[in-house]
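Visitor: pasting the sequence and the predicted coordinates here, then a few questions.
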Amino acid sequence: MSALCRGLNFLSGKALTEAPVLSSCVWTVSARSKFSKARIPRELFAERSQEHEKYGGDPDQPHKLHVVTRVKSVIRRPYWEKEIVKYFGLQKAQVPVIHKNTPAVNKQLKFIKHLVRIQPLKTPYGLPAEQDMAETYINSKGELIVRRLLQPVDQKAIES
């Protein structure tokens, strides 16, 4: 009887209820069609400008570069997350990698946000010159530090 009810989905509800054979058949409406509102709470879409101070960001001047560090393993993760991690060069854990802050990069980072730590690249001493790039490093706070080596002082410059 239930197989007959499932097999006659193309018939209208009125025709099925009037039929004497199918009068005992129960027609249910799926629960998904009863909900017309979105199931995502409105709080997730609310303005969160107060978080800029919390994370040290400026909404008017966003940072140009991300420092992305993988902090969790990709073992037992789906293949698409492993591919994204490999694409960004994050095969080794706790090794920072620099990427641009663009919508395309941010869209990909959103898929692996539970595996990585994303920080803005800060340059407290300004951008380094081309010859200083060899002496730069990124500390744990996401700051680009230039390790300037001391040069010997010319004796002729001191005497004059």
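Guide: Yep, it's here.
Visitor: strands along this structure, start to end?
Guide: Defined through DSSP state E, the strands belonging to the chain, from first to last, are 65-70, 97-100, 116-120, 136-138, 144-146.
Visitor: among those strands, which is the most enclosed?
Guide: strand 65-70 (a mean of 20; mean count of other Cβ atoms under 10 Å). The C-beta positions use only the backbone N, C-alpha and C, and glycine is treated the same way.
Visitor: okay, angle between it and strand 116-120 too, please.
Guide: Relative orientation of strand 65-70 and strand 116-120, computed by axes from the mean of the first three to the mean of the last three Cα atoms, to 10 degrees: 160 degrees.
Visitor: got the contact list for residue 72?
Guide: Residues in contact with residue 72 (Cβ atoms under 8 Å, 6 or more residues apart in numbering) are 93, 114, 115, 116.
Visitor: skip the chain neighbours and tell me the closest residue to the third one.
Guide: Same thing as residue 115. Nearest-residue entry for residue 115: residue 72, 4.6 Å, with adjacent residues in sequence omitted and distances by Cβ to Cβ, 6 or more residues apart in numbering.
Visitor: from residue 67, how far out is the closest residue to residue 105 other than its chain neighbours?
Guide: Distance criterion Cβ to Cβ, 6+ apart; nearest residue to residue 105, sequence neighbours excluded, is residue 99 at 5.2 Å. When distances are taken as Cβ to Cβ, to the nearest Å, residue 99 and residue 67 turn out to be 8 Å apart.
Visitor: which neighbours do those two have in common?
Guide: Residues touching both residue 99 and residue 67 (Cβ under 8 Å, 6+ apart): none.
Visitor: circling back to that earlier point, can I get the buried part of the contacts of residue 72 as one ChimeraX selection?
Guide: Here is the ChimeraX command that picks out the buried ones among the contacts of residue 72, judged by 16 or more other Cβ atoms under 10 Å:
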select :115,116
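Visitor: just the ones in helices from the contacts of residue 72, please.
Guide: In this view, the contacts of residue 72 have no member that belongs to helices under DSSP state H.
Visitor: from the contacts of residue 72, which is closest to residue 43?
Guide: Nearest to residue 43 among these: residue 114, at 20.2 Å, using Cβ to Cβ.
Visitor: tell me the contacts of the closest one?
Guide: Residues near residue 114 by Cβ under 8 Å, 6+ apart: residue 72.
Visitor: show the pLDDT at residue 69.
Guide: Looking at residue 69, its pLDDT stands at 94.
Visitor: re the thing from before, can you list the strands of the chain in CSV and add distance to residue 88?
Guide: Below are those laid out as CSV (distance: least, Cβ to Cβ, whole Å):
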stretch, distance to residue 88
strand 65-70, 6
strand 97-100, 6
strand 116-120, 8
strand 136-138, 16
strand 144-146, 19
